[in-house]
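Chemist: Would you be able to build a 3D model of this:
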Amino acid sequence: MTQVAPSLALARCLAPGALTVADNMALDDLLLDEPGWFIRLTRWAAPAVTIGRFQPWPERHDSFVAGLHSLHPFGVTSTGPDSLPTVRRVTGGGGIVHGQDLTIAVAGDCPSQTFPNRRPAEVAACISSILANLFETPACSRAGDDRESSMRDIADCFARQSASDVVVAGPEGPIKAGGIALAFRNGRVLIEASLRRDLLAADPDDDLQRLSRLAIELGLQPQRWEQGNSFLQGSWSEEIATRVSNRFGNPDWNRR
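Modeler: Numbering: from 1, shown residues only. Sure thing, here's the model as predicted:
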């Protein structure tokens, strides 16, 4: 691993076992409120969907749900054998089917030395550029004009275009290989990213090493990886359960 100066901010590196979609979103939300820096690898107990904070509930006729029998809010009974539990994130963006993607989260202070300005476009562009350089497949940040606001009615994150997209070259132009979503609260930022393993040749065996490199590129000193769910006990377990009960496992929150 690349050596970093001891004066750099420490980053706790978290790799819990597979969690439900509601527990995963509750943990990310908790990291937004906890002090310090966090780099987190997300694992999924089962295929699931997350939708953006301001996104309308995807209906059957939306392009995002084409090929899916149905979606149902986490916390209610499935509407069919192929229906996917769905949770509303606290970050923006569009809907994502999770299970086969590389999902990560970064949480820390903003403004800070890492992110000097509390400007969403700057934070997203920084993460996008770094992520694009972490893979063997040639990739880059889309850059250019941000069309996100004009595409809010497109439910599928990977059918929308943002300047912070991670893209790879395709026969008819750039193909979106990664999407980034942000949330700000009380001088902190939460960054959630979903990356397509198939387009980026992202081997799961390399996940922890790749995320450690992400921390270093952000000017942070990654700590030893905390794997398993032991660090989720005690007060964190209680906080996650409370946030699931009040928000991420609440059908009114998820479907509103």
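
Chemist: in the stretch 101-250 of the chain, which spans are helices?
Modeler: Applying DSSP state H, counting those that start in this stretch to the stretch 101-250 of the chain gives helices spanning 120-132, 197-200, 207-217, 235-243.

Chemist: So for this structure, which residue is the most central one in space?
Modeler: By C-alpha atoms, centre = their mean, the chain has its centre lying nearest to E192, at 2.5 Å.

Chemist: ok, I191 touching V106?
Modeler: Yes: proximity of I191 to V106 meets the contact threshold set by C-beta atoms under 8 Å, at 4.3 Å. For the C-beta atoms, the positions are set from N, CA and C on the backbone; glycine is no exception.

Chemist: Find residues that contact each of those two.
Modeler: Contact with both I191 and V106 is made by residues I127, according to C-beta atoms under 8 Å, 6 or more residues apart in numbering.

Chemist: Go through the helices of the stretch 101-250 of the chain and name the closest to L71.
Modeler: helix 235-243 (21.1 Å; C-beta to C-beta).

Chemist: Return the list of strands paired to the lengthiest strand in the chain, each annotated with direction.
Modeler: When the chain is scanned for its longest strand (criterion: DSSP state E), the result is strand 173-185. Sheet pairing of strand 173-185 (DSSP bridges) gives strand 166-170 (antiparallel), strand 188-195 (antiparallel).

Chemist: any idea of the mean pLDDT for that strand?
Modeler: Mean per-residue pLDDT for strand 173-185: 97.

Chemist: Return the set of buried residues in that strand.
Modeler: Residues of strand 173-185 classed as buried: 174, 176-183 (neighbour count, 16 or more other C-beta atoms under 10 Å).

Chemist: next one: stretch 36-48
Modeler: Buried, per 16+ other C-beta under 10 Å, within stretch 36-48: 37-42, 44, 48.

Chemist: quick one: I39 is in a strand?
Modeler: Yes: secondary structure of I39 (DSSP: H, G, I helix; E, B strand; the rest coil): part of a strand.

Chemist: ok, it - contacts?
Modeler: Applying C-beta under 8 Å, 6+ apart to I39 gives the contacts 11-14, 104-106, 211-212, 214-215, 220, 222.

Chemist: Fine, thanks again, bye for now.
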